[in-house]
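Visitor: Kindly return the folded structure for what I paste below:
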Amino acid sequence: MRNKLSFCGFLFVALCAIWLVPAAAQEASRPARPAYLEFSAGLNYLFLKDAGVSPLLFRGPLFFTQGAWHKETGRTQWRADFGYSIGEIEKARSFLVNSDINGFYHGISALRSLKQSRSGRLNLLGGIHYHGFSNYRVTPAFRNNASVVESVNTIFAGAKADYARIKNFRPGKTLFFRRKGGERTFRVSTQFNLPVVHAAWRPDFAYLDDFTGGDNTVGRDNIIRVGGFRLMWRTEFQVFMRNGNAWKISYHWDAQRSPGTLNRLETGQHIGTFSLLMRLN
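Guide: Coordinates of the predicted model:
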């Protein structure tokens, strides 16, 4: 894991260097429909309870990284992203129980402007948002139930509000950095998603090994169930730079309960990230 974190840190520093390079194209010649590549890094504080295996509520921080593409027009916003998290969550009882997690995240959204203020600062949008995550978990204390693979996927109806403001800066110096004068755009956005279809691909029963052959049956007896519920909320603060790039701070809350009663998965995720956005056009 340490090697993975070192590689991610090196990659993020390299992206920072690329992000600071001034854009070759002038702002006046840029198209009115910007597209961006987004690179994010942060922490995912995860709460997890697998009721079919144990009543314990696990919790702990995971390292989180994400890549995304998104495009904006005058009326629509498109986004596709893929993320990865890794780490260990735990629960302290009479002894410490640890669970190692590798998580994979993916999502697609299409939003359309529903109402815009006369000044153009406030924009209300609505549309469809799809998001899913898949986990591979290993909990040695559960012995024959130690390993599990699962996937949770949801189609949402999403509502989003964007508020943008342009501020004119004078040339100056902040600490060791010189600041060029000119306009900067600041934007705050918040999006809330309600589930339309929620499904989980998980083991049909709690025990993954019936002790008969000792074979690894992880994923082989998983089935898809539709039901349960899931809620998502995301808030962002974004600053657009003179070279066309941007940086962003985000908070993402995700809570879900998979269908079923005896073998139900419940998760809560608090994800905070810092992102660099590189303009593609």
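Visitor: contacts and neighbour counts: CA atoms only from here.
Guide: OK.
Visitor: what pairs with residue 161 across the strands?
Guide: residue 124, residue 190 (DSSP bridges).
Visitor: since we're on it, how many residues are nearby?
Guide: 18 (other CA atoms under 10 Å).
Visitor: I'd say residue 161 and residue 187 touch.
Guide: No: using CA atoms under 8 Å, residue 161 is not in contact with residue 187, being 10.3 Å away.
Visitor: Return the residues in contact with residue 204.
Guide: 221, 222, 223, 263 (CA atoms under 8 Å, 6 or more residues apart in numbering).
Visitor: what about the helices in this protein?
Guide: Assigned by DSSP state H, the helices in the chain fall at 2-20.
Visitor: Tell me which stretches of it form strands.
Guide: 35-50, 58-72, 76-92, 96-116, 122-138, 147-169, 172-174, 177-179, 182-203, 222-226, 229-240, 246-257, 265-279 (DSSP state E).
Visitor: Strand partners (parallel or antiparallel) of the first one?
Guide: This points to strand 35-50. strand 58-72 (antiparallel), strand 265-279 (antiparallel).
Visitor: Contacts for that strand, please.
Guide: 55-72, 85, 89, 263-281.
Visitor: Same list, the strands paired with strand 35-50, but as a markdown table with distance to residue 130 and mean neighbour count please.
Guide: As requested, the strands paired with strand 35-50 are exported to a markdown table (distance: least, CA to CA, whole Å; neighbours: other CA atoms under 10 Å):
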| stretch | distance to residue 130 | mean neighbour count |
| --- | --- | --- |
| strand 58-72 | 14 | 19 |
| strand 265-279 | 17 | 20 |
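Visitor: any chance of those in TSV, plus distance to residue 41?
Guide: What follows is the strands paired with strand 35-50, written out as TSV (distance: least, CA to CA, whole Å):
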stretch	distance to residue 41
strand 58-72	4
strand 265-279	5
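Visitor: Would you reformat those strands as JSON lines and include mean pLDDT?
Guide: JSON lines is the format used below for the strands paired with strand 35-50 (pLDDT from 0 to 100):
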{"stretch": "strand 58-72", "mean pLDDT": "94"}
{"stretch": "strand 265-279", "mean pLDDT": "94"}
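Visitor: Compare these and report which one is nearest to residue 234.
Guide: strand 265-279 (9.3 Å; CA to CA).
Visitor: what's the spacing between the closest one and its chain's center?
Guide: On the basis of CA atoms, centre = their mean, to the nearest Å, strand 265-279 sits 4 Å off its chain's mean C-alpha point.
Visitor: Equivalent analysis for stretch 122-132, please.
Guide: So, by CA atoms, centre = their mean, the centroid of stretch 122-132 is 15 Å from its chain's centroid.
Visitor: same question, stretch 37-47
Guide: Using CA atoms, centre = their mean, the offset of stretch 37-47 from its chain centre is 6 Å.
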